Every structure is written in C-alpha cells, then in structure tokens.
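K.L.:
after the sequence you'll find the predicted model.
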Amino acid sequence: MITANTRRRDASRVNESNIVQNTTKGSALFPSMDIEENTSPRVFKQRWVQLSYLSMLALLSDWVCFSTASNPEAFEEFYGVTSASLITKFLIMNVISCFCVTDIVAKFGLRRCIRISSILMTLGCWLRSGLAIIPMVFHDLLGWNNLALPEKYFGLVSYPIFVTGTLMVGAAQPFFQCTPPLLSAKWFASNERATSTAVALNFNQIGIATAFVVGGKMATTTSGLKSYFSLIAILSTLTTIGTFLQFESHPSVPPSTSELTKILKNEKDPPFLVSVGNFFNTKGFARPLAAFIFSITVTNIVGAFIDEVMKRGGITERSSIAWAGFGFEVAIVLGGIILGQYVDHTKSYKSVTLICIVLSFIFVIPLGLTDHSLGKEPVLLVVSLFALGFFTGPIQPINAELAVDVTYPSDETAVESVQQIGGNLISALFVPLAEKAQQHDYQLFRKIPLLACDIRGDVILLMILSVITYCFFYRFNASLRRTMADRNVEEGLGKSF
C-alpha cells in the first residue's frame, strides 16, 4: 500500500499540456482513488515493479508454449507427436481464453486476475512436470542415487496429462498478453506507453529465447526433459509468490491527462462482444489489427521452425541453433524498445510500421534459400534472422498502442484481446500450413548461376503475407484520439497521422 509520504517521495510530475480542473471521488477503474481539484498526472517507481512482473509472467507462458521447439526430436521420440502440434493446441486455447479475459478483468480488476492466472499457469507447469522435481533434487543435486523411486510416479507424465497442463498455461497466458496496454495506460506516462507495452508484449519472445537456450541444453533426453519441465515449474512458482506480494492494483494518481479524463468521465466499458463491434466500426482500427496479426504470425512461425530454418543455411550444431534462436528473440525485444521509444516521442505509427513491413519482406527471404550460390550461407542466414526479429517484432506493440489510440477511450484490454485473438488464431492456422509448405522448393534465377537458388514454400508464404499487409496498412488514415487528449486538442480537430 502506497502511503502519502511514499507518494510524495516517489512521485514525479509528467510534462503534460493541461491540468485537470475537476474533482472526483473514485471510479469504476480506480475505486479507492480521490482525485482533487487541480490534480496533475504523476508517475511512480512502482510502475517498473508492475512491468517486471507482467513481463516475467509473459516470459514464462511463452517459454512453456515453445519449450520443446529447440529440440523437437527428444519430445517427439518420447511422446510420438510433433512439437508443432502442441504449439498449435496451446495457441487455440489462447484464442478461446482471449474471448473471456476482457470481461473478467473488468469485473475483478487487474491485480486479482493476474494473481489467479499466475496460479493457473503454475499448476499447469507442475502438471506437465509431474513430480520429477523429487528425483531431480535427490538424485541430481544431492547425489542420493540409491533411492527406490517408482518411475511411473516421478517420470514424464502421459501425453493427455501433459497436454492438459499445457492448455492450462494457454488459458492463463491472455491475462499476461492482453493487459500490457491497460498496464501502460494505468501506470505509465504518455511518452512511455509504447515502450512499456513493447517490453511487456515482447518479453514473450524472451521466453521463447530461453526455451531455445535452456531447452537446447537440457531437453535432449528423457531425464533432461524431466529436469527441464521441473525448472519451469519452480520459476513459475517463485514468480507467482512475488506477484502476490508486490503486484499492485493501480497508482494513487493516474499518469497522463488522457487517463485522468477517462476516469473523470467515469464511463462504463461495454461487454467484450459489444466492444468488438464498436472497434470494427471505428475508422482505422482494422489496419493496426492486420499489422499486429502479421507480426505475431511471422515471429511464431519462425520461432516454431527455427531448427529447420537453421539447417537450411548449413547450421546443424545443436548449440548454434539454440543461440541463433535466442538471438532472434532478443532482437525482437531490442527492436521493440528502440523503435517503441521513437514512436513514443514522434507518434509516427504509420511510417514506422510500413518501413518495418518492407524490411520484414526483405530479411525473411534468406531464411528460405537452399542450395546453389545463395544457399548454405550461415552468416547471411544469421544476420537476416536477427534483422527480421529487430524489425518484425516491434510491429506488435506499436500497433497495439495505435489501436488503443484510435479507439480511445475504449477498454485497452478489449483492444488487445481482439488483436491477440486474431494473431494467435491466424498463427494456429498458419503453423501447420507452413509446416507443409516448407517441404516444397521453388527454383529462382535458373539461368543466372551466381543468383540461382531454391526457396522454401513457407518463406514464400510469409513474403505473400508481407505484401498483403503492406498494401492494406498503407491506407491507414485515422485521428489519434488519445494523443489529442494528451495534447489538449479538442476531439475531431487534430490532424490525421
């Protein structure tokens, strides 16, 4: 609980263009808040704690989703099913849960929902790991090798149980993926929101990166899989405990003029399905949605098939594949932070998004080249992979904030839920499609020996998706309502971006 003294010590004023001249006592979003006359926006250090926990929970959830992507052979050998099929199941459950998250958060509040969903994820992680923690501790750490522990109780669980645990994490994930714009609006200043959302959303990619590195080392044998899944469960447990101890509901004073105005109006957000209809009737909403879907689909497909992509370029060593995957995901986060900060200060959503889509088209091409002069070039492949992550990943958070901006004062969680539904649903459809397409080669420049190469079908699929998205997003032309509110410009008079 933040006391008055702590608030005076930690709060810092934000450079906003106007000071609210009203008084209100509480609201639906901030029931315990007492906003006095001449209240000005403030930010608190606690916002970094909030962001840290939401980011860590997002990291763990996507670590679970892609936990076997770096070494799919070991998983497939034990369970007899592909890692890609498990990822598809996870994404489908994510989509189903996204339909519920907005109304649940609106009814029970962000803090309570984050706590409960973190418990759900932790239980799912333990269900996936069975009780493998017991032999891991006694055998591996303490060296007690003479314990007669029955394998059926402490080994890998059956596939149906493993899937159940995975689906529990998939159901919890939207509470971490759909709420970053809400967290940014409630805790971060207007010139910090895109960066904050980028960190929280893209920490999913750090989870995938962790899966590549840690999974590449540990998940190579049945015994390694036991320890690996137990490690994830332990980290999830510790994060959940921290969430209960430190995650707050809301600050004592909102961080921006637009958020203050929204609270003072005390508007009630409609149910999720009603909000969806309102969004699609709002000028400009569909185009950031398309860009978001494009970004999440490309990064999910490349992440799911990183093993195959690396082998095309002649990179076959397991550790090299893992580190390449790690670098791809880290590039996504760095791109989100750097480009997010630029957009925070310039509000150049459209131009940055268009440039990123063009560069995504360019850098995805080398990921599909095989044989001939341009194939089997590890350096070209790795550089292109990292550049693809740097420019494709940031499209998600930038367009999450853009969608919130054009639909202001709508429910931020509802906006992000629609985007996550679209992104994960299309990803779930495209992952198996890309898996089939990668089995086909198409020859290019046959009559030019220096340029002659084969390109895989999955990359052609992503190239086509890039072109379609660019053509659709190019016509974006809508007013940034929240930006105008922050700049004290009357609605309808601001310029279009």
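P.N.:
Alright, I've got the coordinates.
K.L.:
remind me which residues of the stretch 201-350 of the chain are low pLDDT?
P.N.:
267, 313 (pLDDT under 70).
K.L.:
quick one, helices of it?
P.N.:
Counting by DSSP state H, counting those that start in this stretch, the stretch 201-350 of the chain has these helices, from start to end: 222-246, 257-265, 272-280, 286-304, 306-312, 318-346, 349-364.
K.L.:
select, out of those helices, the one closest to Pro394.
P.N.:
Of all the helices of the stretch 201-350 of the chain, helix 318-346 sits nearest to Pro394, with 4.3 Å by C-beta to C-beta. No exception for glycine: its C-beta is placed from N, CA and C like everyone else's.
K.L.:
re earlier: of the helices of the stretch 201-350 of the chain, which is nearest Gln177?
P.N.:
helix 286-304 (9.7 Å).
K.L.:
can you show me the strands along the stretch 1-150 of the chain?
P.N.:
For the stretch 1-150 of the chain, strands defined by DSSP state E, counting those that start in this stretch occupy the ranges 12-13, 24-25, 34-35, 42-43.
K.L.:
whoops, I mixed them up, the stretch 351-497 of the chain
P.N.:
Under DSSP E, counting those that start in this stretch, the stretch 351-497 of the chain gives strands at 369-370, 441-444, 453-456.
K.L.:
measure Leu156 to Ser236 for me?
P.N.:
In this structure, Leu156 and Ser236 are 18 Å apart, going by C-beta to C-beta, to the nearest Å.
K.L.:
quick one: which of those two has more around it?
P.N.:
Ser236 (27 against 20; other C-beta atoms under 10 Å).
K.L.:
now the more buried one: how far from Pro180?
P.N.:
The value you get for Ser236 to Pro180, if C-beta to C-beta is used, is 19 Å.
K.L.:
Ile426 now?
P.N.:
Taking C-beta to C-beta, one finds Ile426 at 20 Å from Pro180.
K.L.:
what does Leu54 give?
P.N.:
Taken as C-beta to C-beta, the span from Leu54 to Pro180 is 7 Å.
K.L.:
for Val81, same thing?
P.N.:
32 Å.
K.L.:
neighbour count winner among those two?
P.N.:
The neighbour comparison of Val81 against Pro180 (other C-beta under 10 Å) goes to Pro180, with 29 against 14.
K.L.:
pull the contacting residues for the residue nearest to that one when sequence neighbours are not counted.
P.N.:
Excluding the flanking residues, the one nearest Pro180 by C-beta to C-beta, 6 or more residues apart in numbering is Ala200, at 3.6 Å. Contacts for Ala200 (C-beta atoms under 8 Å, 6 or more residues apart in numbering) come out as 51, 54-55, 58, 176, 180, 183-184, 397.
K.L.:
of the residues you listed - the most surrounded one?
P.N.:
Highest count within the contacts of Ala200 by other C-beta under 10 Å belongs to Ser184, 33 neighbours.
K.L.:
which strand or helix spans it?
P.N.:
Using DSSP states H and E, Ser184 falls within helix 180-187.
K.L.:
list the helices and strands that helix packs on?
P.N.:
If you count contacts as 3 or more C-beta pairs under 8 Å, 6 or more residues apart in numbering; DSSP states H and E, helix 180-187 packs onto helix 46-65, helix 110-129, helix 193-218, helix 257-265, helix 395-407, helix 412-437.
K.L.:
most packed of these?
P.N.:
helix 395-407 (a mean of 29; mean count of other C-beta atoms under 10 Å).
K.L.:
dump that one to PDB, keeping only the CA atoms.
P.N.:
What follows is helix 395-407, C-alpha atoms only, in PDB (Å, rounded to 0.1, in the frame of the first residue of the first chain):
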ATOM      1  CA  ILE A 395       5.200  -4.100 -35.200                       C
ATOM      2  CA  GLN A 396       3.100  -5.800 -32.400                       C
ATOM      3  CA  PRO A 397       3.500  -3.300 -29.600                       C
ATOM      4  CA  ILE A 398       3.500  -0.300 -31.900                       C
ATOM      5  CA  ASN A 399       0.200  -1.300 -33.400                       C
ATOM      6  CA  ALA A 400      -1.200  -2.400 -30.000                       C
ATOM      7  CA  GLU A 401      -0.800   1.200 -28.900                       C
ATOM      8  CA  LEU A 402      -2.000   2.600 -32.200                       C
ATOM      9  CA  ALA A 403      -5.200   0.500 -31.900                       C
ATOM     10  CA  VAL A 404      -5.800   1.900 -28.400                       C
ATOM     11  CA  ASP A 405      -5.100   5.400 -29.600                       C
ATOM     12  CA  VAL A 406      -7.600   5.400 -32.400                       C
ATOM     13  CA  THR A 407     -10.400   3.800 -30.300                       C
END
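K.L.:
chain center to it, what's the gap?
P.N.:
14 Å (C-alpha atoms, centre = their mean, to the nearest Å).
K.L.:
go on, stretch 51-70?
P.N.:
Worked out by C-alpha atoms, centre = their mean, stretch 51-70 lies 9 Å from the chain centre.
K.L.:
do stretch 77-89 as well
P.N.:
Remark: stretch 77-89 is offset 22 Å from the chain centroid, using C-alpha atoms, centre = their mean.
K.L.:
avg pLDDT for that stretch?
P.N.:
In this model, stretch 77-89 has a mean pLDDT of 80.
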